[in-house]
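Engineer: sequence and predicted structure, then a few things I'm wondering about:
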Amino acid sequence: MNRMSKIGCGLALACALAQPASAATPEAVSDTAKKNAVIPAEPVLSEGVVKKVDKAAGKITIQHGEIRNLGMVPMTMMFRVKDQAMLEQVQVEQKIRFHVDIINNAYTVVRIEPER
Ligand SMILES: [Cu+2]
């Protein structure tokens, strides 16, 4: 089950990265990259439940709903976190809202808002 989730995410990542490159010229890709570098006014928050927290590795496993900004379907998967301090504010089985970006080719949680 867990292994399946990881495979699914790997394919989703490959797909997300492959699409712009195959659909555009190098010039257009660099334009796209510049556009993507702009931080959106309202980051898309996704819903999830914390399943595992690995403070030593700086990783968090989240059972998440649809992640619209990445076009990802609901699943349980592991993410890196941008800042390890983010892991101090969450606990296993806690509901959160979070935002994920692709940083250095890895899905990285850049923001966590614990639900109260
Ligand atoms: Cu996922």
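Structural biologist: Looks like it arrived, so ask away.
Engineer: quick check, pLDDT for Ala28.
Structural biologist: Per-residue confidence at Ala28 stands at 54 (pLDDT).
Engineer: got the contact list for Lys51?
Structural biologist: Applying Cβ atoms under 8 Å, 6 or more residues apart in numbering to Lys51 gives the contacts Thr61, Ile62, Gln63, Thr76, Val92, Glu93. The C-beta positions use only the backbone N, C-alpha and C, and glycine is treated the same way.
Engineer: buried ones in the host helix or strand of it?
Structural biologist: Using DSSP states H and E, the element containing Lys51 is strand 46-54. For strand 46-54, burial by neighbour count (16 or more other Cβ atoms under 10 Å) applies to Ser46, Glu47, Gly48, Val49, Val50, Lys51, Val53.
Engineer: hmm, who's touching the helix or strand following it?
Structural biologist: Along the chain past strand 46-54, the next helix or strand (assigned with DSSP H and E) turns out to be strand 59-64. By Cβ under 8 Å, 6+ apart, the surrounding residues in contact with strand 59-64 are 46-54, 72, 74-81, 86-87, 90, 96, 98, 109.
Engineer: restrict these to contacts with the ion.
Structural biologist: Met72, Met75, Met77 (Cβ under 5 Å from the ion).
Engineer: JSON lines for these, including pLDDT?
Structural biologist: Formatted as JSON lines, the ones next to the ion among the contacts of strand 59-64 follow (pLDDT from 0 to 100):
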{"residue": "Met72", "pLDDT": "96"}
{"residue": "Met75", "pLDDT": "98"}
{"residue": "Met77", "pLDDT": "98"}
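Engineer: out of those, who's the most crowded?
Structural biologist: Met77 (22 neighbours; other Cβ atoms under 10 Å).
Engineer: who does the host helix or strand of that residue pair up with?
Structural biologist: For Met77, the element it lies in under DSSP H and E is strand 75-81. Counting by DSSP bridges, the strands paired with strand 75-81 are strand 59-64 (antiparallel), strand 106-114 (parallel).
Engineer: now do it against strand 46-54, angle only.
Structural biologist: For strand 75-81 against strand 46-54, the angle by axes from the mean of the first three to the mean of the last three Cα atoms, to 10 degrees is 70 degrees.
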